[in-house]
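S.K.: prediction below, plus the sequence it came from.
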Amino acid sequence: MVTPRKQLEMYLAENVIITSKPTDVLTYWASNESRFPSLAAMARDILAIPATTVPSEAAFSRGGELITKRRNRLGGDTVTAIMCLDSWFEG
């Protein structure tokens, strides 16, 4: 098995192909997953992150509702856990 480090070295050593048509990044990683399994998995994880600020704005809004004058001593881990549970129950 090729290590992730070696996969990265192989990927960076590849020649760049310049085309006039746009390339779908997910299609690229799907077709090259057998050569770069660790990099493909990492790319899928990173590309799955939504390119929007709406979830973070919603989290700040929910955090403001959760942390009140009476609950101002909740620790960060506790707030995160409550918000995760709340999100899972809504989903």
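M.R.: Arrived safely, thanks for sending. Numbering: from 1, shown residues only.

S.K.: after the lowest-mean-pLDDT helix or strand in the chain, which helix or strand is next? Please name it.
M.R.: Across the helices and strands of the chain, mean pLDDT, DSSP states H and E gives its lowest value to helix 54-66, namely a mean of 69. Next along the chain after helix 54-66, taking DSSP states H and E as the criterion, comes helix 76-90.

S.K.: any buried residues in stretch 21-36, and which?
M.R.: 29, 36 (16 or more other CB atoms under 10 Å). Placement of C-beta: from N, CA and C, glycine included.

S.K.: okay, domains of this structure per the record?
M.R.: For the chain, the structural domains run 4-47, 54-90, going by automatic domain parsing.

S.K.: lowest-confidence stretch among those domains?
M.R.: Between the domains of the chain, the one with the least mean pLDDT is domain 54-90; it has a mean of 74.

S.K.: buried residues, it. List them.
M.R.: Neighbour-count burial for domain 54-90 [16+ other CB under 10 Å]: 62, 82.
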